[in-house]
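S.K.: Dropping the sequence and predicted coords here.
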Amino acid sequence: MTNRTIAITVVVLALSTAIGCSGDLSQLPAAPTSVASAVVATGAQERWSLSRTFTAHTGSEGCTLALDPIGRAASDSVLMVQRSDTSLGLFTADHNTYVGTVAGNEFLVTEREAGATLQCGGAQLSFRTEARVSGRFASDGRSLIGTETSVFLFESGRTITRQWDWQARRD
């Protein structure tokens, strides 16, 4: 389980009102529009320094959770980048594996995490996570910027979306 999943788990467990959530899902960002390639890039892995800054949190009306300090804190960590031709793999220190495509300097990578179940009040809440990072490499190839969007999809149809800005530099 990733740090993001643990953080959202703690928040959801703390709020028993999440069970009664309802609202308009049309306000949420669109799900990833491109399916990531299952083939990870074959180039050499490079070590990069990644800074992630929390920028947003949304959910159905009544479900917007107060984020804990872990979710809001900026984080600096290692990012492994594997790029070749049109394929890209990004591997974070908190065990996220994003795979996808790169065209010129633009990239889109995605990750899907298997379902998890949370005890919330008297009910079990099942969810899965879909995440994407879209961004751009600098023309010199030594840095990148991007936006990570993670959507927590509850079996009930409710969603919670969290977003981070990425900045990374090759070591």
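M.R.: It's in. Numbers count the residues shown, from 1 in each chain.
S.K.: what pLDDT, on average, does the host helix or strand of residue 116 get?
M.R.: Per DSSP states H and E: residue 116 is located in strand 106-120. For strand 106-120, mean pLDDT is 84.
S.K.: Surely residue 126 is within a strand?
M.R.: Yes. Membership of residue 126 in a strand is supported by DSSP: H, G, I helix; E, B strand; the rest coil.
S.K.: Distance-wise, check residue 151 relative to residue 128.
M.R.: Applying Cβ to Cβ, to the nearest Å, the value for residue 151 to residue 128 is 9 Å. All C-beta atoms are positioned from the backbone trio N, CA, C, and that covers glycine.
S.K.: Any idea what the nearest residue to residue 93 once chain neighbours are set aside is bridged to?
M.R.: Computed as Cβ to Cβ, 6 or more residues apart in numbering, the closest residue to residue 93 that is not its neighbour in sequence is residue 77, at 3.8 Å. Beta-bridge partners of residue 77, counted by DSSP bridges, are residue 50.
S.K.: ok, residue 77 - contacts?
M.R.: 49, 50, 52, 92, 93, 94 (Cβ atoms under 8 Å, 6 or more residues apart in numbering).
S.K.: residues near the last one, how many?
M.R.: A total of 14 residues lie near residue 94 under the criterion other Cβ atoms under 10 Å.
S.K.: where does the chain have low pLDDT?
M.R.: 1-41, 60-73, 118-124 (pLDDT under 70).
S.K.: Show the residue spans covered by the helices in it.
M.R.: Secondary structure of the chain by DSSP state H: the helices cover 3-14, 69-72.
S.K.: Provide the strand pairings for the strand holding residue 116, with the direction of each partner.
M.R.: Next to strand 106-120 in the sheet, as set by DSSP bridges, lie strand 97-103 (antiparallel), strand 123-137 (antiparallel).
S.K.: got these as a markdown table, with mean neighbour count columns?
M.R.: Shown next, in a markdown table, are those (neighbours: other Cβ atoms under 10 Å):
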| stretch | mean neighbour count |
| --- | --- |
| strand 97-103 | 18 |
| strand 123-137 | 18 |
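S.K.: export these to a markdown table and tack on distance to residue 147?
M.R.: Converted to a markdown table, those look like this (distance: least, Cβ to Cβ, whole Å):
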| stretch | distance to residue 147 |
| --- | --- |
| strand 97-103 | 12 |
| strand 123-137 | 6 |
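S.K.: picking that back up, are any of the contacts of residue 77 buried, and which?
M.R.: 50, 52, 92 (16 or more other Cβ atoms under 10 Å).
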